[in-house]
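Trainee: next come a sequence and a model predicted from it.
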Amino acid sequence: MPDRAQPRPARLAVVVNPTADRGRGRGDGARTLALLREAGHHVLDLSAPNAPLALENARDAVAGASGAPVDALVVVGGDGMVHLGVNAVAGTGIPLGVVAAGTGNDFAAALDLPVHDVPAAVEILLDALSARRTGNGVRVVDAARAEPLGADLAPRPGRGRWFCGVLSAGLDAAVNAHANALTWPRGSAKYVRAVASELARFRPYGYRITADLAPGTVPEMPDAPDDVAHPFVWTSAGTLVAVANGHRFGGGVQIAPDARIDDGLLDLVTAGPLTRLGAARIFPGMYQGKHVHHPAVDLRNVTSVLLEATDAGRPPPPAFADGERISHLPVRVTVVPGALHVLDGRATGSPPA
């Protein structure tokens, strides 16, 4: 690694997913820990036998439960580990470092971070830690908050979750759940197998979606003021429902090709009722974002979304975000601009206080 100005040694918490990338995560984690320690930083390995315990460890470290808070949290793995990290640091100002070593790595792709290259990823982290002395080295991006609701639409205490990528609640979510349950094949091939299985039994789901459209993005109201949000309601049987902070999920599915992770907006993607054949025809093109040109697909920029199930179709599957199960509907999703700070040695400019 190149010589760089030596920063004050940082206290870094690291969480590793040992099963990431078909079991290679353990070795990637060991290399990450070694490189950070060789650079002179104080490194706490908070990896645990399961994700809930690892998240608890990470939250305690970020909050300084047993001393001073850590200077940063580093996760080694795929989007599931990023999801864990986001739920530990979002809204705290403690930055997240990412060593992308999983199967999907969609968040890393959104930030153009190295994938399956531990030395390059750690170099970016070390450059970021050095640059923080001059107010650089941290990229500020948005995160979204998913709140599971009761039948009365009141939040269910303690169930809220952060996510940084995409929340899905349609056929895409059913595929996610099926893929998570598969033990073969490994990697992205699981997603392809899950698509085939779910399409074979697909019937449209019933939805009511109520959203706050982003100011200045209401094509039906060209003279609407740009400084206020506008309500949008969609009640229909449907095939796809996704609320996207990032542009892709599932290891490269371009669900919202124009979504940006730092624009303060969410991209709401819906597809009305399709036949099994119709759904099968749009799925392959989703890897290139071609589905957005289908007449049944609608995209809108929003700031918050309420997703509810109705009897207009089958009950929708549980919502998934960043590949992790969130809850059955109803769920409310809200964007929180600038909620997530990410270590990136290429970033310039101080994050807001």
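Mentor: Cool, got the structure. Worth saying up front: this structure is predicted, and the values here are computed from it rather than measured.

Trainee: residue 174 in helix, strand or coil?
Mentor: helix (DSSP: H, G, I helix; E, B strand; the rest coil).

Trainee: just checking, it touches residue 198?
Mentor: Yes - between residue 174 and residue 198 a contact is recorded at 4.8 Å, counting by CB atoms under 8 Å. Placement of C-beta: from N, CA and C, glycine included.

Trainee: mind listing the helices for the protein?
Mentor: Taking DSSP state H as the test, the helices found in the chain are 20-23, 25-38, 51-63, 79-89, 106-110, 118-131, 171-181, 189-200, 276-282.

Trainee: point out the most buried one among the ones you listed.
Mentor: Sort the helices of the chain by mean neighbour count, taking mean count of other CB atoms under 10 Å, and helix 79-89 sits at the top with a mean of 26.

Trainee: could I get that helix in CSV with only the CA atoms?
Mentor: The C-alpha trace of helix 79-89 is given here as CSV (Å, rounded to 0.1, in the frame of the first residue of the first chain):
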residue,chain,number,x,y,z
ASP,A,79,-25.3,-6.4,1.3
GLY,A,80,-26.6,-8.2,4.4
MET,A,81,-23.6,-7.0,6.3
VAL,A,82,-24.0,-3.5,4.9
HIS,A,83,-27.6,-3.7,6.2
LEU,A,84,-26.4,-4.6,9.6
GLY,A,85,-23.9,-1.8,9.6
VAL,A,86,-26.4,0.8,8.5
ASN,A,87,-28.7,-0.3,11.3
ALA,A,88,-25.9,0.4,13.8
VAL,A,89,-24.6,3.8,12.5
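
Trainee: quick one: average confidence on that helix?
Mentor: The pLDDT scores in helix 79-89 average 97.

Trainee: other SSEs contacting that helix?
Mentor: Judged by 3 or more CB pairs under 8 Å, 6 or more residues apart in numbering; DSSP states H and E, the packing partners of helix 79-89 are strand 11-16, helix 51-63, strand 72-77, strand 96-100, helix 106-110, strand 161-163, strand 331-343.

Trainee: ok, 6 Å please
Mentor: helix 51-63, strand 72-77, helix 106-110 (3 or more CB pairs under 6 Å, 6 or more residues apart in numbering; DSSP states H and E).

Trainee: hmm, who's touching that helix?
Mentor: Outside of helix 79-89, the residues within contact range by CB atoms under 6 Å, 6 or more residues apart in numbering are 17, 55, 58-59, 62, 73, 75, 96, 104, 106-107, 143, 162, 164, 322-324.

Trainee: tell me the angle of that helix relative to strand 72-77?
Mentor: Using axes from the mean of the first three to the mean of the last three CA atoms, to 10 degrees, the inter-axis angle of helix 79-89 relative to strand 72-77 is 160 degrees.

Trainee: what is the orientation angle of helix 79-89 with strand 96-100?
Mentor: 170 degrees.

Trainee: residue 315: which of the helices of the chain is closest?
Mentor: helix 171-181 (11.0 Å; CB to CB).
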